[in-house]
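S.K.: quick one: sequence and predicted model below, then my questions.
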Amino acid sequence: MKKSIKWVAIIFVGFIIIGVIFGDNSSQTEVNVDESSSEQLVVADSPEVADTSVADIAQEEVKPEGLSRPQKNAVRSAEQYINMTGFSREGLIEQLSSEYGDGYGIEDATIAIDSLNIDWNEQAVRSAEEYLDMTGFSCDGLIEQLSSSAGSKYTVSEANYGAQQAGACS
């Protein structure tokens, strides 16, 4: 049963990623984060990010100083993934560096992700809620799914936080 849930989750996330990569970007809104800057962030008009404020998005703003072009590109890809669904740090690095993902070098992916201000606990909550929307989980089962190397790859601490905040644990 756990294996089938994992595969359903993996396939679900895969479809989301494919949809973002090949989907229509016409329903996106550009937001100026800092009026003194000409840089803009693109925010998808979707339920997944509807509760995200401009201040939250600004926290994920790229720190371009010292980043190479591949690292800046990896930052853009990472932001797109984070706007789409919850990711653990390890899972996002794997997504960006996988030959089946974006194909960035592991070092470039890691530097790019670490240049962002991502709240991994909040990402764990998002992932936990997404899992609970798909199927039922016990508290321990959800923590295992979130922290497993075959699952979402959150730390045990992040997985515990995500499961608690998503309401799976009493």
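M.R.: Alright, I've got the coordinates.
S.K.: in stretch 134-142, which residues are buried?
M.R.: Neighbour-count burial for stretch 134-142 flags Phe137, Gly141, Leu142 (criterion: 16 or more other CB atoms under 10 Å). (Glycine included, C-beta is placed from N, CA and C.)
S.K.: between those residues, which is closest to Arg89?
M.R.: For the buried residues of stretch 134-142, the closest approach to Arg89 (CB to CB) belongs to Leu142, at 18.7 Å.
S.K.: gap between the closest one and Gln80?
M.R.: 26 Å (CB to CB, to the nearest Å).
S.K.: which one of the buried residues of stretch 134-142 is nearest Ile106?
M.R.: Closest approach to Ile106 among the buried residues of stretch 134-142 (CB to CB): Leu142, at 28.2 Å.
S.K.: put the alpha carbons of the host helix or strand of that closest one into PDB.
M.R.: Per DSSP states H and E, Leu142 falls inside helix 139-147. Extracted C-alpha coordinates of helix 139-147, given in PDB (Å, rounded to 0.1, in the frame of the first residue of the first chain):
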ATOM      1  CA  CYS A 139       0.600  10.800  11.500                       C
ATOM      2  CA  ASP A 140       3.500   8.300  11.400                       C
ATOM      3  CA  GLY A 141       2.700   7.300   7.800                       C
ATOM      4  CA  LEU A 142       2.800  10.900   6.700                       C
ATOM      5  CA  ILE A 143       6.000  11.700   8.500                       C
ATOM      6  CA  GLU A 144       7.600   8.600   6.900                       C
ATOM      7  CA  GLN A 145       6.300   9.700   3.400                       C
ATOM      8  CA  LEU A 146       7.700  13.200   3.900                       C
ATOM      9  CA  SER A 147      11.100  12.100   5.300                       C
END
